[in-house]
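> I need the structure of the sequence given here:
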Amino acid sequence: MAAIAHHVTVSKTARYYTLGTLTERTREIWIVIHGWAQLAEQFVGDFAALDNGERFIIAPEALNRFYLRAGKPEVGATWMTREDREAEMKDYVSYLNTIYDTLGLSAYQAKIVVLGFSQGVATLSRWVYQNERRIDAVIFYAGEIANELQNAESIAAFTQKEKYFICGTEDPFINELNLPKVTSLLKGFTVVMFEGKHELKADTLVNI
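Predicted coordinates for the structure are as follows:
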């Protein structure tokens with residue numbers, strides 16, 4: 001007899017980091033989603049140039065952590081793998097909703113900007129696509145949106161006023177082979193290319 005998979009919902013302590021202070025005078029709230037094998041504390045540090053007293057930056061950390069190399073202390077996190085992927089996706093969408101609601105972001109007049117980097121692009125695209133919460137600007141940075149959303153009908157559902165796709169000219173993952181496909185799919189998105197590789201550059205974000 002074949003084994004039968006079962007699921008049970010459990011509580012889990014999740015971690016997120018912030019830069020800045022959230023007040024009534026905050027002009028922009030950023031939710032930034034890190035890539036594969038990163039941790040939120042390191043990732044949010046890449047946004048220090050945006051911390052000008054008028055922005056509040058939130059960096060959730062993926063729920064799954066792992067050792068990057070056997071026998072070594074370095075740890076990274078990932079949003080999902082192909083194993084039990086539907087449950088993983090459901091969990092991180094719920095998790096990101098919880099952060100948004102726990103911080104009461106809908107009560108602020110500030111512009112809400114969301115950014116996904118690398119693997120975080122697929123994560124962010126699923127969350128935004130399913131989300132009824134207010135999001136004013138979307139930034140997909142150096143990554144592809146979720147496979148199931150790579151069609152014109154799904155792209156049309158991203159109705160935010162500001163939409164960007166950002167990528168380095170020497171990115172090994174988004175290159176001359178797949179860049180035309182990625183950019184042609186993202187109708188309505190502003191494409192921003194910078195000189196560089198698979199990296200997050202705060203000065204590019206400041207410029208837009």
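
> In this protein, what residue spans correspond to helices?
40-45, 85-102, 119-130, 152-156, 179-185, 202-207 (DSSP state H).

> So for residue 59, which of those helices sits nearest?
helix 40-45 (3.7 Å; CB to CB). In short, each C-beta sits where N, CA and C put it, glycine included.

> And the average pLDDT for the closest one is what?
What helix 40-45 shows for mean pLDDT is 96.

> Go through that helix and flag the buried ones.
Within helix 40-45, the residues that qualify as buried are 40, 43, 44, counting by 16 or more other CB atoms under 10 Å.

> now swap in stretch 185-192 and tell me
Buried-residue list, stretch 185-192, by 16+ other CB under 10 Å: 185, 186, 189.

> Redo the helices of the chain as CSV? Include distance to residue 169.
Below are the helices of the chain laid out as CSV (distance: least, CB to CB, whole Å):
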stretch, distance to residue 169
helix 40-45, 22
helix 85-102, 30
helix 119-130, 18
helix 152-156, 24
helix 179-185, 10
helix 202-207, 12
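
> just those: most buried one?
Greatest average neighbour count among the helices of the chain goes to helix 119-130 (a mean of 23), per mean count of other CB atoms under 10 Å.

> Strands of this structure, residue ranges please.
16-19, 28-33, 55-60, 64-67, 75-78, 111-117, 137-141, 162-168, 190-194 (DSSP state E).
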